[in-house]
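Chemist: Take this sequence and fold it.
(chains A and B, ligands or ions: 1)
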Amino acid sequence: MKYIDGFRDPVVAAGIRARLDAVAAGLQAWNRPVNIMEVCGSHTMAIARYGIRDILPKNVTLISGPGCPVCVTPTSYIDTAITLAERGVIVVSFGDMIAVPGSSSSLAGCRARGGTVEIGYSPMRAIELAEAHPDREVVFLAIGFETTTAPVVAMLELAIRRGLRNLSLLTAFKLVPPALTALLSDPEIRIDAFLCPAHVSAIIGADAYKPFVETWKVPCVVAGFEPLDILYGILGILEQAACGEAAVANLYARVVTAQGNVHAQSLMAKYLEPVDAAWRGIGVIPASGLGLRPEYADYDAGRRHGVVVGLGAENPACACGEVLKGKQRPPDCPLFGAACTPDHPVGPCMVSSEGTCAAYFKYIVN
Amino acid sequence: MSEQTIQLGHGGGGLLSRDLIQREIVSRFGDGALKGLPDGATLPVPAGRAMVFTTDSFVVQPLEFPGGNIGDLAVHGTVNDLAVCGARPRWLSLALILEEGLALTTLRRVLDSVKKAADDCGVSVVTGDTKVVAHGQCDGMYVNTAGIGELMDGFELGVGRVAAGDHILVSGPVGDHGMAVLAAREGIRITHGVTSDTGPVHRLVQGVREWAPHIRFMRDPTRGGLASVLNEVVEGQATGILLRETDLPFSAGAKAAAEMLGVDLLQVASEGRMILVCAPPVSEAILKVWRGMPEGRGAVKIGEVTATKGRVILETITGGRRLVDVPRGELLPRIC
Ligand code: SF4
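Modeler: Alright, predicted model coming up:
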């Protein structure tokens, strides 16, 4: 605990705040806020939980990005998963996913009607279930960013090695860098810097952000999840902005390296290849997802069960899409806190433990 | 085998059950009103005094955990409910639902703990009941206790009396009970360990009677922890609460376990702590008295009542503020 307390020291925090104020004062000349996007959902939660937005200098804005894997997964994916469960397939999912509303129901609703929907805290649950029910088909809902993709692929490799024939993946893996490119290319969104995710960066490596600093000239700072990690990260960004610099800075070197986890990268490359992917709110981004390579088509739940994740419409009442792009803050959504609460979520951003609307509902004072 | 475990016949009302009651219950509690096993207890209620009556059921799993078991927990839970109403706990009932197959040694340890805790709290077990259900129909054992206490003079408690500026005190580190049970259940071994805080708070209440008119509200933060109790205090009121994260008392063991399990300690139960809201001039005196008692050694002021309507706000270590939300759903099932 001493180790963690070191990243939660109020005296150090006060010191960083003073420096933040000083550097931000020098940025007044911009005559507009410095817009920093925190890409990762765990950062969004930690920022809310430690009240960090509350203490930032007035001319610094934190924008929550598309970093919650459940939130960016389109409604049509949930509809497809429900279809599979209704057909008698055992659907295995991470817990966050099951309360997310699809077009007409959620996986939790499907389970209440008798569908087999199992929650797995680890992908290995899918293997356990496939082995326990050799006469039934098991589908794992393979969503997530690079961090989650690696353990799911490790599970797939084990399943193949064990010769399991009744297990497949419904893939909707997403890649972080292409989403950042899409956001930077959107003329309606102005992002001055990225606070880069901690765990994703541990897989892809800090060097993965080099193209953004070179092409787009936006500072990219990798930071951990503790409050001081985040404050240091923001300070690092402001210091770059003040000097008119844009560089990749890795402030989470206790976990993240320049090259990332090369073993995980090669494991992913062995089984998966880039595919175009649909992001809720953003739309289809070329080569922003990962799908199974043709030689592993047998493990592709879509092909195996003849289902296609379509481009189904999103609920027009829910502003999640705008929230995910950082165009709207959750309280700007008319349903926020009224028709939409964690007990009765209308959109995924209110369900997920990393969702921006959930973070605001739970923690934000104003 | 038949000697060592509970059988269905132990609850049947016949010889076996008479034997069990005689050996295990009467031997421990048979001195006072229980003597001769009447159908009900006759109690000498002081004339003109208001009495407080409460009940609670205990289904904690595992039955035994670091720092206690379902037996002392069942005594403390009910004694504490009486105490924070401003009552002096006097009498308890004890009802047991036992599962066929429960080890007699476990039952004995639990009953020994009931006896020890009741003696320590100055309450007598005056009536009770034992039932046995078939294997699989309950989880080892469930316990219900009801308690009667005498209302002490001077206390006038209620959320309606809480006013802006009041101080919020807590008698020691919070969340240890919930984390100890959870860690025991999840089989987590933590270097520092975390031990349940199960214990009585009635002495803490009696110790501050002198300032009773200045005390607005008392509660033991059990299920839902500090977050639940404090939200209850301000719900629907014109007041709010501001807490400071740096002042919140948590033990190192509870912090380590909470970190590992991703739990917010503000929402975790204690079973031997109390929260007290009082007028500012008496808070220092109350803390001083509490700190002189073993169960109040870690007492601190954690925050103040404010004029922000209906909200509990935490000033975090960064100096920023966030809401302290009411826990949603059943966060930690079966911890008491
Ligand atoms: S508040 Fe609810 S409906 Fe509004 S954007 Fe968030 S999740 Fe969607």
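Chemist: Can you show me the helices along the stretch 1-150 of chain A?
Modeler: Applying DSSP state H, counting those that start in this stretch to the stretch 1-150 of chain A gives helices spanning A:2-5, A:10-26, A:41-49, A:52-55, A:69-72, A:75-86, A:107-112, A:124-132, A:146-161.
Chemist: Let me have the ones you listed in JSON lines, extended by mean pLDDT.
Modeler: Output for those, formatted as JSON lines (pLDDT from 0 to 100):
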{"stretch": "helix A:2-5", "mean pLDDT": "60"}
{"stretch": "helix A:10-26", "mean pLDDT": "94"}
{"stretch": "helix A:41-49", "mean pLDDT": "93"}
{"stretch": "helix A:52-55", "mean pLDDT": "94"}
{"stretch": "helix A:69-72", "mean pLDDT": "90"}
{"stretch": "helix A:75-86", "mean pLDDT": "95"}
{"stretch": "helix A:107-112", "mean pLDDT": "94"}
{"stretch": "helix A:124-132", "mean pLDDT": "95"}
{"stretch": "helix A:146-161", "mean pLDDT": "95"}
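Chemist: Next, format these as a markdown table and append mean neighbour count and distance to the ligand.
Modeler: Placement of C-beta: from N, CA and C, glycine included. A markdown table is the format used below for those (neighbours: other CB atoms under 10 Å in any protein chain shown; distance: least, CB to the nearest ligand atom, whole Å):
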| stretch | mean neighbour count | distance to the ligand |
| --- | --- | --- |
| helix A:2-5 | 9 | 31 |
| helix A:10-26 | 16 | 29 |
| helix A:41-49 | 24 | 13 |
| helix A:52-55 | 21 | 17 |
| helix A:69-72 | 26 | 8 |
| helix A:75-86 | 22 | 12 |
| helix A:107-112 | 18 | 16 |
| helix A:124-132 | 18 | 27 |
| helix A:146-161 | 19 | 21 |
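Chemist: Tell me how chain B divides into domains.
Modeler: Residue ranges for the domains of chain B, per automatic domain parsing: B:8-39+B:47-151, B:159-323.
Chemist: I'd like to know which of these is closest to residue A:93.
Modeler: With CB to CB as the measure, domain B:159-323 is the member of these nearest residue A:93 (18.5 Å).
Chemist: For residue B:146, grab phi and psi.
Modeler: The phi and psi values for residue B:146, taken as degrees, to the nearest 10, are phi -120, psi 150.
Chemist: thought it was touching residue B:82?
Modeler: No. Assessed by CB atoms under 8 Å, residue B:146 is found out of contact with residue B:82, at 10.1 Å.
Chemist: mind saving the C-alpha coords of stretch A:337-356 as PDB?
Modeler: Taking only C-alpha atoms (Å, rounded to 0.1, in the frame of the first residue of the first chain), the coordinates of stretch A:337-356 have been written out as PDB:
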ATOM      1  CA  GLY A 337     -29.900  11.700 -14.800                       C
ATOM      2  CA  ALA A 338     -33.500  11.700 -15.700                       C
ATOM      3  CA  ALA A 339     -34.600   9.000 -18.100                       C
ATOM      4  CA  CYS A 340     -31.100   7.600 -18.200                       C
ATOM      5  CA  THR A 341     -29.400   6.400 -14.900                       C
ATOM      6  CA  PRO A 342     -27.200   3.500 -14.100                       C
ATOM      7  CA  ASP A 343     -30.300   1.600 -12.900                       C
ATOM      8  CA  HIS A 344     -32.100   2.400 -16.100                       C
ATOM      9  CA  PRO A 345     -29.500   3.000 -18.800                       C
ATOM     10  CA  VAL A 346     -30.500   4.200 -22.200                       C
ATOM     11  CA  GLY A 347     -27.100   4.000 -23.700                       C
ATOM     12  CA  PRO A 348     -23.900   2.100 -23.100                       C
ATOM     13  CA  CYS A 349     -22.000   5.100 -21.700                       C
ATOM     14  CA  MET A 350     -24.300   5.000 -18.700                       C
ATOM     15  CA  VAL A 351     -23.800   1.200 -18.200                       C
ATOM     16  CA  SER A 352     -20.100   0.500 -18.500                       C
ATOM     17  CA  SER A 353     -17.800   1.000 -15.500                       C
ATOM     18  CA  GLU A 354     -15.700   3.000 -17.900                       C
ATOM     19  CA  GLY A 355     -18.500   4.900 -19.500                       C
ATOM     20  CA  THR A 356     -18.300   8.700 -19.500                       C
END
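Chemist: Can you give me the neighbour number for residue 175?
Modeler: The chain I'm using is chain A. The number of residues packed near residue A:175 is 21, by other CB atoms under 10 Å in any protein chain shown.
Chemist: wrong one, chain B
Modeler: Burial of residue B:175 is recorded as 31 neighbouring residues (other CB under 10 Å).
Chemist: Quick check: it vs residue B:45, distance?
Modeler: In this view, residue B:175 and residue B:45 are 37 Å apart by CB to CB, to the nearest Å.
Chemist: same deal with residue B:236?
Modeler: Taken as CB to CB, the span from residue B:236 to residue B:45 is 35 Å.
Chemist: Kindly report the same for residue B:79.
Modeler: 18 Å.
Chemist: Counting neighbours around each, name which of those two comes out higher.
Modeler: Neighbours per residue (other CB under 10 Å) separate residue B:79 from residue B:45, with residue B:79 holding more: 29 against 12.
Chemist: what helices or strands is the helix or strand in which the more buried one is found leaning on?
Modeler: Counting by DSSP states H and E, the element that carries residue B:79 is helix B:70-84. Applying 3 or more CB pairs under 8 Å, 6 or more residues apart in numbering or on different chains; DSSP states H and E, one finds that helix B:70-84 contacts strand B:51-58, strand B:87-99, helix B:104-121, strand B:141-151, helix B:202-207, strand B:215-219.
Chemist: Tell me which of these lies nearest to residue B:259.
Modeler: strand B:215-219 (26.6 Å).
Chemist: Just the CA atoms of that closest one, as PDB, please.
Modeler: Below are the C-alpha coordinates for strand B:215-219, written out as PDB (Å, rounded to 0.1, in the frame of the first residue of the first chain):
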ATOM      1  CA  ILE B 215     -25.800  15.400  19.400                       C
ATOM      2  CA  ARG B 216     -28.100  15.400  16.400                       C
ATOM      3  CA  PHE B 217     -27.700  12.000  14.800                       C
ATOM      4  CA  MET B 218     -25.900   8.700  15.500                       C
ATOM      5  CA  ARG B 219     -25.800   5.600  13.300                       C
END
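Chemist: starting at the chain centroid, how far to that strand?
Modeler: Its chain's average C-alpha position is 16 Å from that of strand B:215-219, according to CA atoms, centre = their mean, to the nearest Å.
Chemist: Same check on stretch A:330-342?
Modeler: Taking CA atoms, centre = their mean, the mean C-alpha location of stretch A:330-342 is offset from the chain mean by 21 Å.
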